[in-house]
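**Student:** Next one to model:
(2 chains)
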Amino acid sequence: MTNDTSSKTHGASKSVVRFAPSPTGYLHIGGARTALFNWLYAKHTGGTFLLRIEDTDRERNNPAAVAAILDGLTWLELDWSGEAVSQFARAARHREVAEALLANGAAYHCYCSPEEIDSARDKAKAEGRPQLFLSPWRDRDPKDAPAGIKPTIRLKAPREGETTVDDQVQGLVTFQNKEFDDLIILRSDGNPTYNLAVVVDDHDMGVTHVIRGNDHLTNAGRQTQIYNGMGWPLPVWAHVPLIHGGDGAKLSKRHGALGAEAYRAMGFLPQALRNYLVRLGWSHGDDEIISTDQLITWFNFDGLGKSAARFDFKKLLDLNGHYIRETTVADLLDRVGKLLPLLNFEDIAKTELDPKAPPRPDVAFANMILATVPGVKTGADLKARFEKAGWDKLGAILPAVKERSKTLLDIPEGALFLIQQRPLAVEDKAKASIDGDAKSAITALLPRFTVAQDWSAAALEAEVRAYSEETGTKLGKIAQPLRAALTGRAVSPPVFDVMAVLGRDETLARLGDVA
RNA sequence: GCUCCCUUCGUCUAUCGGUUAGGACGUCAGAUUUUCAUUCUGAAAAGCCGGGUUCGAUUCCCGGAGGGAGCGCCA
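**Tutor:** Now for the predicted structure:
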């Protein structure tokens, strides 16, 4: 019946799936992965990916949070069909279904007060019994209802037997019905509760496959009872394992469980994050680097594992480096140009760091910029500096810089020499290489550079190599001081590329400063 | 406490009864190299424990241990 095995293979019938976040803040990494799985499954089956905001609880109503979620999905390039559905806006329909359930005897009015329920639960807990609340109103005559009390509507859940969830990931999961109490589907204020709203919306939206976190597995049992109460067909369930922090506990801020926008700010590429996320709980043999197109053709429930995975920041970084190397210079330039204006270094630098949480490339970068580039407080400032020095120069050094970049932020960092003002502040590690011998070598090279016919990296390297052989000096003994003089650092892109991009005048001037 | 779920290198995972238990990240060693990085080579590193079933179990079953999730007029 609901176990649609044909959906496991490519070319499966078209699915309708949805991502249904609660607008509590940003799009967190676990949610992003759930959205990705849904999106991939929709693409794989040629189906539809819908978006629904679970904003039934008005206290959680937060337009900024909704915007952050949409923004995160957009950045991850997980496009959805149509407008995002507001669950709150459908409350009238939810009420209608609650009334229908009441009418067909699958639900009843309950006049218990919250206090009554609480004390019963406390008592059960104290006695070590299951904290189920069995409403007396299930069997009482509604005529006995106390006046002036607005009732809730509870589902009349079966007391005997069992409810089985046929899950694509977890297999057959059976709950004893006596483990479920009669859940409230309509609050006393007339508003629907989560489980009712989800079932009604999924049904009305034509959702065929519910792919969500494993934390909803018991809800699947409860929701099954609502589907049954209405006589509606069940969706195919797929409860994917959760993501845990490095210590194996539920992922939280403590583990650096950041929103998608934080990963953007740290300079991650969406396709890298997607590739990383999909491999957390899903696999296709030994494949690690998988293009999105390949993912779409391969993704299915068979590849999903059952156990929770821990988030590994280092592996994400490695993947990001891979994708950066694969990306064209023009594209990278564009991405850096769009990323920088989003950053406020002073704000980022204030981020509280937990020593146990993964490193924060954005915080390290912000601190480095604030410390070494006077007058630059924001990414926009920094971008302006690069533009002043020549945005095309950033592009010119990019082929060398991207080889050494793990995140997009490593690009401006690696090219920082372009915007440094003379005389350069030379870091201590670099200073050490500029000794007496180095100075005389630079002095000897200056006239050669001055008359060099061809100011290309290759020609400059040939020139220096020739000098190195003539004088019997190791190339390293010359290149390192040149690097220090030209970039102020002990680590930089290849020094001849640096010279080529800097141009003859600036190169000679910087060398002259130390000679 | 109750219910459900999970358990292969440090981490992500492959294996769908027979493999020297494979790959990736990380780690370590080496090669290449003007620094760093890339790239390449190599190394160390795993079946939670105890019972079955079987000619044979990492794989199937049971028990234990450990971990996780859920138990709201939250979602």
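**Student:** For the rest of this, base every contact and every neighbour count on C-alpha atoms.
**Tutor:** Noted.
**Student:** Find the residue at the geometric middle of chain A.
**Tutor:** Nearest to the geometric centre of chain A sits A:Ala260, at 3.7 Å (C-alpha atoms, centre = their mean).
**Student:** count of neighbours near A:Ser291?
**Tutor:** As a burial measure, A:Ser291 scores 13 neighbours (other C-alpha atoms under 10 Å).
**Student:** one step back: contacting residues around the closest residue to the residue nearest to the centre of chain A other than its chain neighbours?
**Tutor:** What sits nearest to A:Ala260 in space, not counting adjacent residues and going by C-alpha to C-alpha, 6 or more residues apart in numbering, is A:Gly72, at 5.3 Å. Contacts for A:Gly72 (C-alpha atoms under 8 Å, 6 or more residues apart in numbering) come out as A:Tyr26, A:Leu27, A:Gly259, A:Ala260, A:Glu261.
**Student:** cool, A:Leu132 as well?
**Tutor:** Contacts of A:Leu132 by C-alpha under 8 Å, 6+ apart are A:Arg121, A:Ala124, A:Glu179, A:Phe180, A:Asp181.
**Student:** next helix or strand past the host helix or strand of the residue nearest to A:Ala260?
**Tutor:** Element membership for A:Gly72 (DSSP states H and E) is helix A:63-75. Next helix or strand after helix A:63-75 toward the C-terminus (DSSP H and E): strand A:85-86.
**Student:** next SSE after that following strand?
**Tutor:** Taking DSSP H and E, what comes next after strand A:85-86 is helix A:91-103.
**Student:** does that next one come close to RNA strand B?
**Tutor:** No - counting by C-alpha under 7 Å from any atom of the strand, RNA strand B is not contacted by helix A:91-103; separation bottoms out at 10.6 Å.
**Student:** Off-centre distance for the lowest-mean-pLDDT helix or strand in chain A?
**Tutor:** Sorting the helices and strands of chain A by mean pLDDT, DSSP states H and E puts helix A:114-126 at the bottom, at a mean of 83. Remark: helix A:114-126 is offset 40 Å from the chain centroid, using C-alpha atoms, centre = their mean, to the nearest Å.
**Student:** which SS class is A:Ile211?
**Tutor:** strand (DSSP: H, G, I helix; E, B strand; the rest coil).
**Student:** so what's it bridging to?
**Tutor:** A:Ala238 (DSSP bridges).
**Student:** So it is in contact with A:Trp237, correct?
**Tutor:** Yes - counting by C-alpha atoms under 8 Å, A:Ile211 does reach A:Trp237; the two are 6.3 Å apart.
**Student:** So these two - more neighbours on which side?
**Tutor:** Neighbour totals were compared for A:Ile211 and A:Trp237, and A:Ile211 leads with 27 against 23 (other C-alpha under 10 Å).
**Student:** How about the contacts made by the more buried one?
**Tutor:** A:Val17, A:Arg18, A:Thr34, A:Phe37, A:Asn38, A:Trp237, A:Ala238, A:His239, A:Val240.
**Student:** The third one contacts A:Asn214, correct?
**Tutor:** No - distance between A:Thr34 and A:Asn214: 10.3 Å, which falls outside the contact criterion (C-alpha under 8 Å).
**Student:** So which of these two has more stuff around it?
**Tutor:** More crowded of A:Thr34 and A:Asn214, by other C-alpha under 10 Å: A:Thr34, with 24 against 20.
**Student:** Check what pLDDT that one gets.
**Tutor:** Here, the pLDDT recorded for A:Thr34 equals 96.
**Student:** Contacts only, for it.
**Tutor:** A:Phe19, A:Ile211, A:Arg212, A:Gly213, A:Val240.
**Student:** Mind putting the residues you listed into TSV with pLDDT?
**Tutor:** Shown next, in TSV, are the contacts of A:Thr34 (pLDDT from 0 to 100):
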residue	pLDDT
A:Phe19	98
A:Ile211	98
A:Arg212	97
A:Gly213	95
A:Val240	96
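**Student:** Format the contacts of A:Ile211 as a markdown table; extra columns: distance to A:Asn62.
**Tutor:** Formatted as a markdown table, the contacts of A:Ile211 follow (distance: C-alpha to C-alpha, whole Å):
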| residue | distance to A:Asn62 |
| --- | --- |
| A:Val17 | 24 |
| A:Arg18 | 20 |
| A:Thr34 | 21 |
| A:Phe37 | 25 |
| A:Asn38 | 24 |
| A:Trp237 | 29 |
| A:Ala238 | 29 |
| A:His239 | 27 |
| A:Val240 | 27 |
